[in-house]
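Undergrad: with the input below, show me the fold.
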Amino acid sequence: MPSRNHLDKIGRKKKKKWSEEAMERALMEVKSGRCTVRQAAREFSVPKSSLGDRVSGRVTPGSRSGPAQLITSADEKFLVEFSLYMSKHGFPLTKQQLMSFASSIYKRQHRRVAFSKLGQTWWLNFRKRQEKNIRIQPADNVVRGRTVCVRKEAVDQFFHLLSNIVDARGLRNKPHQIFNCSETGFQLGRKRLILSKPASLGYKPAPGSRDHISVLACFSAAGEDIPPFIIYSKAYPGGVCYKTQGPPNAFYGWSDSGFINSDLFKKWFLKHFIPRAPKERPLLLIFDGHKSPVNLEVVESARKEDIILLCFPPHCSHILQPLDAGLFLVLKQRLASMLGDTWTSDTHFAVSKKEFSCVFKGTYQVVREEEGVRIVQDGFRKCGLYPLDHFTISEGHLMPQNSIISASAGSSLCTSVHETHSVGDLTAAVSTS
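TA: Numbers count the residues shown, from 1 in each chain. Here you go, the predicted structure:
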């Protein structure tokens with residue numbers, strides 16, 4: 001990061017006191033032979049050296065002075081549009097995220113460059129150039145923990161945004177074009193043993209006896225599903241049986257944690273959701289983007305395919321996620337029943353990593369039955385997403401407006417840390433609808 005003295009020097013640089021129009025007139029006089037470079041510079045009040053550079057061809061007339069812009073004006077305009085789109089749809093960007101996306105654009109143009117040249121100086125210049133289009137504001141300091149309660153203003157804002165989108169895009173009576181995707185986890189391993197105290201002191205679980213698998217499910221408000229995305233932790237199981245014996249047309253991936261991340265979400269969206277989604281447009285996809293933040297490719301593809309991405313407010317999934325409202329509970333109960341166990345909130349399913357997809361295939365059949373379709377539809381209705389009804393959310397879940405809680409937020413898209421900002425859309429002149 002550049003030193004403060006270096007940044008101060010940038011601010012103290014002399015501002016250009018001549019206009020391009022004056023420079024162009026002076027250049028015409030010199031080229032016509034009516035004046036020398038010195039005479040034209042004095043007459044039109046432009047720097048002699050700058051005029052000489054244009055006469056000799058070292059500088060192209062009309063070009064900006066100084067070092068070349070790291071990102072072209074067209075790409076910078078796209079970056080602003082992308083930031084405004086994200087803000088409007090519930091994904092306000094932090095400074096770090098915006099610079100990460102800018103670095104991605106830079107690397108597209110300079111594929112042989114091993115690292116990005118974008119730094120604090122670029123950020124300060126970008127803010128200055130785009131001060132009329134975006135506003136930088138501190139992130140919210142209110143506690144976002146669901147164990148306390150959910151902020152009323154956040155839920156109100158979400159439903160206001162959802163209502164505007166549904167009405168503007170004609171989705172009020174099109175449940176098959178409104179989708180929700182959500183992730184649930186399964187802890188694998190043998191059943192817990194109840195041992196006497198002396199024995200338990202020496203008991204150690206066998207290495208690798210537990211594992212984690214998560215499933216990303218996606219359903220429309222009409223109860224129609226996109227085949228599940230099964231995510232393994234650390235690596236795929238050996239062989240191909242986990243694919244051939246799993247749910248029909250299921251998608252597979254892995255991550256170190258066994259949970260979805262930005263790269264896996266991009267893979268799922270581009271290679272699985274878009275090919276299998278209905279052909280009618282527009283589509284609305286609602287999800288918790290704070291757990292799996294989207295990237296440039298996802299937003300570009302969504303806008304090209306006329307798919308609207310909408311993010312739930314932070315830590316509101318327990319009251320707004322339709323799939324959390326019933327379907328996931330039924331799936332876990334059925335899985336435990338198939339394994340001859342009773343499901344509780346801390347159940348470890350006694351099934352191996354290789355066997356999981358085969359067992360889950362039988363469990364997932366519930367979504368093909370009338371009961372499963374009804375459960376999904378009830379989930380959308382309970383959460384007020386379809387039919388759209390803000391008043392289904394109980395006041396007991398909400399934090400009174402203007403409540404003040406002095407604590408810092410955890411890690412989210414708008415992390416409340418010093419020098420972290422969110423990019424908001426207040427004075428946007430660029431349309432992103």
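
Undergrad: just checking: what are the partner strands of the helix or strand residue 212 falls within?
TA: When elements are assigned from DSSP states H and E, residue 212 belongs to strand 211-220. Next to strand 211-220 in the sheet, as set by DSSP bridges, lie strand 178-188 (antiparallel), strand 225-233 (antiparallel).

Undergrad: pick out the shakiest of the ones you listed, pLDDT-wise.
TA: Sorting the strands paired with strand 211-220 by mean pLDDT places strand 178-188 lowest, at a mean of 92.

Undergrad: about what we covered before: want to try CSV for the strands paired with strand 211-220, with mean neighbour count as columns?
TA: All C-beta atoms are positioned from the backbone trio N, CA, C, and that covers glycine. CSV is the format used below for those (neighbours: other C-beta atoms under 10 Å):
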stretch, mean neighbour count
strand 178-188, 21
strand 225-233, 21
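
Undergrad: make JSON lines from the ones you listed and add distance to residue 29 to it.
TA: Below are the strands paired with strand 211-220 laid out as JSON lines (distance: least, C-beta to C-beta, whole Å):
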{"stretch": "strand 178-188", "distance to residue 29": "65"}
{"stretch": "strand 225-233", "distance to residue 29": "68"}
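
Undergrad: closest to residue 163 out of these?
TA: strand 178-188 (12.6 Å; C-beta to C-beta).

Undergrad: count of neighbours near residue 100?
TA: 16 (other C-beta atoms under 10 Å).

Undergrad: how many other residues sit next to residue 327?
TA: Other residues within reach of residue 327, judged by other C-beta under 10 Å, total 24.

Undergrad: check contacts around it.
TA: Residue 327 sits next to 217, 219, 367, 372, 375-376, 379 when contact means C-beta atoms under 8 Å, 6 or more residues apart in numbering.

Undergrad: what number of residues are in the vicinity of residue 169?
TA: Residue 169 has 17 neighbours, counted by other C-beta under 10 Å.

Undergrad: same question for residue 21.
TA: Residue 21 is flanked by 9 other residues according to other C-beta under 10 Å.

Undergrad: mind giving me the domain ranges of this protein?
TA: The chain breaks down into these structural domains: 17-66, 73-141+413-424, 150-193+207-399 (assignment by automatic domain parsing).

Undergrad: least reliable of those by average pLDDT, please.
TA: Ranked on mean pLDDT, the bottom entry among those is domain 73-141+413-424, at a mean of 70.

Undergrad: my guess is residue 356 meets residue 186, correct?
TA: Yes. Look at residue 356 against residue 186 with C-beta atoms under 8 Å: they come within range, at 7.2 Å.

Undergrad: now the common contact residues for these two.
TA: By C-beta under 8 Å, 6+ apart, the residues touching both residue 356 and residue 186 are 213, 349.

Undergrad: surely residue 104 forms part of a strand?
TA: No. Using DSSP: H, G, I helix; E, B strand; the rest coil, the assignment for residue 104 is helix, not a strand.
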